[in-house]
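J.: Sharing a model prediction with you, sequence too.
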Amino acid sequence: MSASYLEATARERILALLDAGSFNELLPPAQRVVSPHLGQLDAPVSFDDGVIIGEGLLDGRPVMAAAQEGGFMGGAVGEVHGAKLVGLIKRAIRKQVAGVVLLLETGGVRLHEANAGLIAVSEVMRAVLEARAAGIPVIVLVGGANGCFGGMGIVARCANTVIMSEEGRLAMSGPEVIETANGVEEFDSRDRALVWRTTGGKHRYLIGDCQQLVSDDTEAFRQAAMDALTALAQSGAPELTLAALEAEQEMLRRRIATFGHAEDPIDIWAELGVERPETVPMLEAAAFAAMAQGLRIPFKA
């Protein structure tokens, strides 16, 4: 029976993702490794610090996996939270597993921990790039209610493959942050349709920031992750080189030059050749995928 990925907890998601009975949690709640900062501020703590990490099998292949809990401080990253992610990825490199799967749901840095949180996110970025340089593919899943924002949005785009649902959102700055910095005329964070058009999975797919869009279903995410792992194993994860990074920067420059004038994602969809771009938000995942197959997406990563 299908189950909503959006409504599942981090623990439910990671158990549904990996082969049944294969998950071995590292630093579980029983060990009570908590943030040293939150208690000093009389803020609540979580015994897993809002992230579940461990190892298991995905379609029979050994992987390291982590799932952020959006229900604890919006999945925000603090010192311990980040250290758990970094340690997991470095363990993946040492053990030469088939891949790393990150189930991200976060608003970014935990403001309670300020610089410690910022440093933690930068260390996660470095670890992801080190994994890729070591030939370990990194796959990111985004489908939680909080989306994936801030520094962790950058982490997601450092991965080999990003898989999203329409309900998932991905961006550097959240809608409220953009509105606060530039005014409601620039971006109205209360316009939920605009928010999803701009940061949601469909738009991220159409402009090349995500490689697969799936329905809000835990089994759909699992199948997509298995397919991505197989594809990366068969083709070989693209080598992380300076030339590859420069090529991606050039792709981003061209994307801005092509679409920088657009005032709404609907304008971009029309330029991509979508016949009735205003209907895109209403399409189910399967219908959207069929429509997208007929498009030439020039900046697909």
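T.: Nice, I can see it.
J.: Tell me how far the closest residue to I266 other than its chain neighbours lies from A270.
T.: Spatial nearest neighbour of I266, chain neighbours left out: P277 (4.8 Å); criterion: CB to CB, 6 or more residues apart in numbering. All C-beta atoms are positioned from the backbone trio N, CA, C, and that covers glycine. Per CB to CB, to the nearest Å, P277 is found 5 Å from A270.
J.: So which of those two has more stuff around it?
T.: Comparing P277 with A270 by other CB atoms under 10 Å, the one with more neighbours is P277, at 19 against 16.
J.: Surely the residue nearest to I266 touches D264?
T.: No. Using CB atoms under 8 Å, P277 is not in contact with D264, being 9.4 Å away.
J.: residues contacting the residue nearest to I266?
T.: Each residue near P277 by CB atoms under 8 Å, 6 or more residues apart in numbering is listed here: I266, D267, W269, A270.
J.: Would you mind listing which of these are buried?
T.: The neighbour-count test (16 or more other CB atoms under 10 Å) marks I266, W269, A270 as buried among the contacts of P277.
J.: Tell me if I'm right that the second one and Y205 touch.
T.: The one in question is W269. No. Between W269 and Y205 there is no contact under CB under 8 Å: 10.9 Å.
J.: before we move on, back to that, where does the residue nearest to I266 land on pLDDT?
T.: pLDDT, P277: 94.
J.: Distance check, it against A3.
T.: According to CB to CB, P277 stands 31 Å off from A3.
J.: Ok, S235 next?
T.: 31 Å.
J.: Looking only at neighbour counts, state which of the two leads.
T.: Of the pair S235 and A3, A3 is the one with more neighbours under other CB under 10 Å, namely 14 against 8.
J.: helix/strand/coil for the more buried one?
T.: coil (DSSP: H, G, I helix; E, B strand; the rest coil).
J.: Without its sequence neighbours, what residue ends up closest to it?
T.: A3 sits nearest to T218 (CB to CB, 6+ apart), 4.9 Å away.
J.: ok, that neighbour - contacts?
T.: The contact partners of T218, by CB under 8 Å, 6+ apart, come to S2, A3, S4, Y5, A8, E12, R13, A16, L17.
J.: Can you give me the neighbour number for the residue lying closest to the third one once chain neighbours are set aside?
T.: Taking CB to CB, 6+ apart, and ignoring the residues beside it in sequence, S4 has D216 as its nearest neighbour in space, at 5.4 Å. Counted by other CB under 10 Å, the residues lying close to D216 total 20.
J.: helix, strand or coil for D216?
T.: coil.
J.: so how far is A159 from it?
T.: D216 is 21 Å from A159, by CB to CB.
J.: Which stretches in the protein count as strands?
T.: For the chain, applying DSSP state E gives strands covering 24-26, 51-58, 61-68, 99-104, 138-142, 161-165, 212-214.
J.: Mind putting the ones you listed into CSV with mean pLDDT, distance to L252 and mean neighbour count?
T.: Output for the strands of the chain, formatted as CSV (pLDDT from 0 to 100; distance: least, CB to CB, whole Å; neighbours: other CB atoms under 10 Å):
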stretch, mean pLDDT, distance to L252, mean neighbour count
strand 24-26, 97, 35, 14
strand 51-58, 98, 29, 22
strand 61-68, 98, 26, 24
strand 99-104, 98, 21, 28
strand 138-142, 98, 18, 28
strand 161-165, 97, 15, 27
strand 212-214, 95, 20, 24
